[in-house]
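Peer 1: Provided below are the primary sequence and the corresponding predicted coordinates.
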Amino acid sequence: MAASSDAYWLALRRVRGMGPRMCRLLLEKFGTAERIFASSQEELTAAGISRPAARALVEFRDFELLEKQLCELPRIGARLVRWSDAGYPFYLRHIADPPPYLFVRGTLQGDERQCVAVVGARAASDAGLRMAERLGLELAAKGITVVSGLARGIDGAAQRGALDAGGRTIGVLGSGIDVIYPPEHRKLADAVIAGNGAIVSELPVGAPPAAENFPGRNRIISGLSLGVVVVEAGEKSGSLITARMALEQDRQVFAVPGSPLSGKSRGSNRLLREGALLVECVEDVIEALSPQLLTARADGGKVAAESPAAVGVEASGVGTPSPRIPTGAIGAFELAGSDAGEVETLVGCLKNDERLHVDSLIEMTGLGVQKVLRLLLELELKGRVVQHPGKLFSLA
């Protein structure tokens, strides 16, 4: 019996030597998992993967076990979302090592780009828990989806806050989609799904919450989000891994300051020393991410989901996807309404080879915070300005 289409996708991560980066390389070249497995060893090596990995792909035959796993998904209320599906999250698709597929319970929206992650210590302080819950509640109240790891402590508090506001939240597991960890968060997971949110995992059904799974889980948390807020983190916290991955993915990193007398905040305070943006209230997050949030809301709150074909993967499967602003977003702004003199004043302060902080631009132009932010957004939409992590800007 021939393997199903979804079984070929699962097989991508079962082949020895095939990691997420290599999967993305092949998907950009061939377009679908079926085409990858139908290719010869010579075609696979020509695409840029190693000979041992190419040989393992050609020789893979263990599809029966994968078909059994797929049959389990309806029973546990889950489904498979593939990298090529329109429902695959937009920002996650474009990281260097995206999961080729996700197991999903609940509502995962491929066209949703207004996500912020809130993460932190499992053994959090009472103050940290209150702050996380407040951030989750206030972000959700502003229509932003809160992403976290459904873990004890900060993660769970932030997601409860989002639910209390009637908002959406996404929980990313370091275990199989059917294994909620910690076990006492099963009711929280059910509430996330009932609240129009989602629980997601890239791991096989039944996979335990092993320590080696969590770094991969953390890259998904940051990959789904515009920015990552670290509320409390020790010196060797997993939240610092999430922050590092966020920087690698060109995401904004935030941190809530904590008492130097508490070991629970040493990691988050170190992030602040290294350039993370300080967060004392939700407005600090909203202000820093306002250009991206405004772009995402330009089409009435959501932007159209783009399949790989729409962002660079042609019908033949060849091409490299890259994030871009949909043309519909530009028309939603009053671009012509800006004073030409103010635009030129701002542009005159910017350089191609130097990145300037938004505060410096506000001081140099004397135009005020809201005016500078609006003009920068308009110039970014026109392709004249590039925003870099840390609210830094340069000419395109």
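Peer 2: Happy to help now that I have it. For clarity, every value in this text was computed on a predicted model and none was experimentally measured.
Peer 1: the strands in this structure, which residues?
Peer 2: For the chain, the strands defined by DSSP state E occupy 79-82, 101-106, 115-119, 145-148, 169-172, 198-201, 227-230, 252-255, 277-278, 356-357, 385-388, 392-395.
Peer 1: and those, which one's lowest on average pLDDT?
Peer 2: If you rank these by mean pLDDT, strand 385-388 sits at the bottom with a mean of 80.
Peer 1: give the buried residues for that strand.
Peer 2: Buried residues in strand 385-388, counting neighbours by 16 or more other CB atoms under 10 Å, are found at 385, 387. Yep, even glycine has a C-beta here, placed from its N, CA and C like the rest.
Peer 1: which strands and helices lie in contact with that strand?
Peer 2: The helices and strands touching strand 385-388, judged by 3 or more CB pairs under 8 Å, 6 or more residues apart in numbering; DSSP states H and E, are helix 369-381, strand 392-395.
Peer 1: and the strands of the chain: which comes nearest residue 72?
Peer 2: strand 101-106 (10.0 Å; CB to CB).
Peer 1: what comes into contact with the closest one?
Peer 2: 9-10, 12-13, 73, 76-83, 88, 108, 176-177, 189, 192-193, 196-203, 205 (CB atoms under 8 Å, 6 or more residues apart in numbering).
Peer 1: alpha carbons of it, in CSV - could you do that?
Peer 2: The C-alpha atoms that make up strand 101-106 are tabulated as CSV, following Å, rounded to 0.1, in the frame of the first residue of the first chain:
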residue,chain,number,x,y,z
TYR,A,101,5.1,20.3,10.2
LEU,A,102,3.2,20.9,13.4
PHE,A,103,0.8,18.8,15.3
VAL,A,104,-2.0,21.1,16.3
ARG,A,105,-5.0,21.0,18.7
GLY,A,106,-7.3,24.0,18.5
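Peer 1: sheet-wise, list the partners of that strand with their directions.
Peer 2: strand 79-82 (antiparallel), strand 198-201 (antiparallel) (DSSP bridges).
Peer 1: now the first one, how far from the centre of its chain.
Peer 2: Mean-position distance between strand 79-82 and its chain equals 17 Å (CA atoms, centre = their mean, to the nearest Å).
Peer 1: contact partners of it?
Peer 2: Contacts of strand 79-82 (CB under 8 Å, 6+ apart): 6, 9-10, 33, 70, 73, 87-88, 100-105, 108.
Peer 1: what's the closest of those to residue 379?
Peer 2: After measuring the contacts of strand 79-82 against residue 379 - CB to CB - the closest member comes out as residue 88, at 30.2 Å.
Peer 1: quick one: that closest one from residue 149, how far?
Peer 2: 20 Å (CB to CB, to the nearest Å).
Peer 1: which one's more surrounded, these two?
Peer 2: residue 149 (30 against 23; other CB atoms under 10 Å).
Peer 1: give me the neighbour count for the residue lying closest to the more buried one once chain neighbours are set aside.
Peer 2: Nearest non-adjacent residue to residue 149, counting by CB to CB, 6 or more residues apart in numbering: residue 155, 4.6 Å away. Using other CB under 10 Å, residue 155 has 30 other residues around it.
Peer 1: and residue 155, how far from residue 99?
Peer 2: Taking CB to CB as the measure, residue 155 falls 19 Å from residue 99.
Peer 1: contact partners of stretch 234-243?
Peer 2: 117, 119-121, 154, 214-215, 218-219, 221-222, 228, 230, 232-233, 253, 255, 263-264, 266-268, 270-271, 276.
Peer 1: try 7 Å
Peer 2: Under the contact criterion CB atoms under 7 Å, 6 or more residues apart in numbering, stretch 234-243 has outside partners 119-121, 214-215, 218, 221-222, 228, 230, 233, 253, 263-264, 266-267, 271.
Peer 1: returning to that earlier point: which one of the contacts of strand 79-82 is nearest to residue 352?
Peer 2: Residue 352 lies nearest to residue 88 out of the contacts of strand 79-82, by CB to CB, at 34.2 Å.
Peer 1: spatially central residue in this structure, please.
Peer 2: The residue lying closest to the centre of the chain (CA atoms, centre = their mean) is residue 224, at 1.6 Å.
Peer 1: per-residue pLDDT, it?
Peer 2: Reading off the model, residue 224 has pLDDT 96.
Peer 1: that one and residue 147 touch, don't they?
Peer 2: Yes - applying CB atoms under 7 Å as the test, residue 224 and residue 147 come out as touching, 5.0 Å apart.
Peer 1: who touches both of the two?
Peer 2: 115, 170.
Peer 1: where does the prediction get shaky in the stretch 151-300 of the chain?
Peer 2: For the stretch 151-300 of the chain, applying pLDDT under 70 flags the ranges 295-300.
Peer 1: quick one: the helices in it, in order.
Peer 2: 154-164, 186-194, 214-223, 238-248, 266-273, 282-296 (DSSP state H, counting those that start in this stretch).
Peer 1: tell me the buried residues in stretch 162-172?
Peer 2: 162-163, 165, 167-172.
Peer 1: among those residues, which pair sits farthest apart?
Peer 2: It's 165 and 172 that sit farthest apart of the buried residues of stretch 162-172, by CB to CB, at 19.9 Å.
Peer 1: quick revisit: let me know the closest of the contacts of strand 79-82 to residue 344.
Peer 2: Taking CB to CB as the measure, residue 88 is the one of these closest to residue 344, at 40.9 Å.
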